[in-house]
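In: Fold the following, please.
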Amino acid sequence: MRTTILMFFISVIIGVAFGFFGAVSMFAVNHWDVSLEFNRNDFVDKPVAIKNTTDSKVKVYIENKVYDFGVKDVKEKGTHDFEIKNVGSGILTLRVDRTTCTCTGIDLNRQRLAAGETAIATVRYDAERATTGRYEQGGIIVTNDPQTPEIPLSIRGIFTSPVVVSSPVILLPSVSATEKQTAKVRIYGFEKEPLKLEPPVWTDKTHFDLKFEQSELNDDDKNNSLFKHAISVCEGTLTITPFGMPVGTFQERFNIKTSYVSESSIEIFARGQIYGAGITLAGQGFDRTTGIMSIETIRSGEKIVRDISIQFTGTNLQNAEIKVKEVRPKWLKTNVTKGGVETAVRRFFTLSIEIPPDAPQCNYTTPDDDKAALVILETGMTNSPTIKIPIRFAIEK
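Out: Residues are numbered from 1 along each chain as shown. All right, here's what the predicted structure looks like:
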């Protein structure tokens, strides 16, 4: 009996040993191919795009995907509810994917719909940062319906304010120093009561005048998607008398009080450029259309010099002379030299503008003339006694 038990244990030990060495031999000959079980790209911490699993049993139904608010005050917030129904037999899943801008949001009251159930998608629009005129915003809802994987929802309309100006900036790009010029501006009222305006208030009464009178919608207004909804209209006539004004850019601000409590006052700007008879300016960075000298942003410690050539043509040039009248900021350096071959009907000057290396950090890129860097020159000419040159530049570290 003992002999039989001993032989059994010896057989087991021999079998285990053969099995072990066989496994080792097989591993040495045939390495395991783990690529069938593990993908190196499927790391746990790698972001994976979420995909909806489509279901042929679900079917989306939505009657309208676009809603028009019509005319809406620019300060109001708008919402609209879209109904989305599952007319299939499976479970419909919904998910908000994206919107057209941060001013728009979509809220879903349900994300899973059984057969016959309905969800409400509320599209929100915050118009606080909007401007008057047409708008259209919206977003996308993703579904598991293979026939309708995405539902685009859209809201649109026309934003307006109680008072809208046809052109808040009246542009007069080319005004002769010796001729009057006029321009029209229209102001529209959108409240029930007719809009009335008090006389405008402005600074330069010598060279500018602005008068308003009641008007009616004209054909252009009736064809405009916004203006055609106005209740009343006031039309203004701006007159500029440039005699004695500096050659170069100009800007005038008009403050106007209205009869509406919701928008009791508005501002209108007149901007443009005066051209002197027989005076021509040119140079690197000088825009003859706007009359502005533009210099790129520079580093502290750099020295920049720009030249503007000034040419006088015509008769009676014996008094033509360039002298610096004003410089802003005061640390800008200027120098005027005569140049070119002078004749009885032609005279040349060069204005050098230098930003010195010890200039402080600053930003003079504003379009506001009151805050811009500029150089004002005296010409000695009766019709165009001064030249104003705004300068746009910035100095960084």
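
In: Give me the distance between the closest residue to T99 other than its chain neighbours and D219.
Out: Nearest residue to T99, sequence neighbours excluded (C-beta to C-beta, 6 or more residues apart in numbering): G139, at 3.6 Å. The way it works is simple: take the backbone N, C-alpha and C, and place the C-beta from them, glycine included. G139 sits 38 Å away from D219, going by C-beta to C-beta, to the nearest Å.

In: Looking at these two, which one has more neighbours?
Out: More crowded of G139 and D219, by other C-beta atoms under 10 Å: G139, with 21 against 7.

In: quick one: that one and L108 touch, right?
Out: No. Under the criterion of C-beta atoms under 8 Å, G139 makes no contact with L108, lying 10.9 Å away.

In: partners of L171 in the sheet?
Out: L171 forms beta bridges with R271, as assigned by DSSP bridges.

In: How many residues are close by it?
Out: The local packing of L171 (other C-beta under 10 Å) involves 12 other residues.

In: R288: neighbour count?
Out: Per other C-beta under 10 Å, the neighbour tally for R288 reads 12.

In: which residues of this structure fall in helices?
Out: For the chain, the helices defined by DSSP state H cover 2-29, 219-222.

In: Pick out the shakiest of those helices, pLDDT-wise.
Out: Mean pLDDT across those is lowest at helix 2-29; the value there is a mean of 44.

In: pretty sure Q361 is touching E396, no?
Out: Yes. Using C-beta under 8 Å, Q361 is in contact with E396, at 6.4 Å.

In: Quick check: neighbours shared by the two?
Out: S300 (C-beta atoms under 8 Å, 6 or more residues apart in numbering).

In: how long is stretch 354-371 from one end to the other?
Out: Taking C-alpha to C-alpha, to the nearest Å, the first and last residues of stretch 354-371 lie 19 Å apart.

In: From A282, how far out is the residue nearest to T99?
Out: Between G139 and A282 the distance, using C-beta to C-beta, works out to 52 Å.

In: do I151 as well
Out: I151 sits 59 Å away from A282, taking C-beta to C-beta as the criterion.

In: what about these two, which has more around it?
Out: Using other C-beta under 10 Å, the more surrounded residue of I151 and A282 is I151, with 19 against 11.

In: Identify the residues contacting the more buried one.
Out: 60, 62, 65, 84, 121, 140-143.

In: Contacts only, for the closest residue to Y188 other than its chain neighbours.
Out: Of all residues not flanking Y188 in the chain, A230 sits nearest, at 3.8 Å (C-beta to C-beta, 6+ apart). Neighbouring residues of A230 by C-beta under 8 Å, 6+ apart: 164, 188-190, 217, 221.

In: Pick the one among those closest to A115.
Out: Proximity of the contacts of A230 to A115 (C-beta to C-beta) peaks at F190, which lies at 47.7 Å.

In: ok so, going back, could you pick out which of the contacts of A230 are located in strands?
Out: 164, 188-189 (DSSP state E).

In: For these, which entry has the maximal number of neighbours?
Out: The member of those that has the most neighbours, counting by other C-beta under 10 Å, is Y188 with 26 neighbours.

In: P168 versus that one, what's the distance?
Out: Taking C-beta to C-beta as the measure, Y188 falls 12 Å from P168.

In: again, but for T343
Out: From T343 to P168 the distance is 46 Å (C-beta to C-beta).

In: more neighbours, the two?
Out: Higher neighbour count among T343 and P168: P168, with 12 against 9, using other C-beta under 10 Å.

In: how far away is the more buried one from S161?
Out: 11 Å.

In: What's opposite the residue nearest to T99 in the beta bridge?
Out: Beta-bridge partners for G139, by DSSP bridges, are T99, L153.

In: So that it lines up with my notes, have the first residue be 11 from now on.
Out: All set: I'll call the first residue 11, so the last point we hit is now G149.

In: ok, it - contacts?
Out: G149 sits in contact with 106-110, 114-116, 133, 162-163, where contact means C-beta under 8 Å, 6+ apart.

In: Great, nothing more from me.
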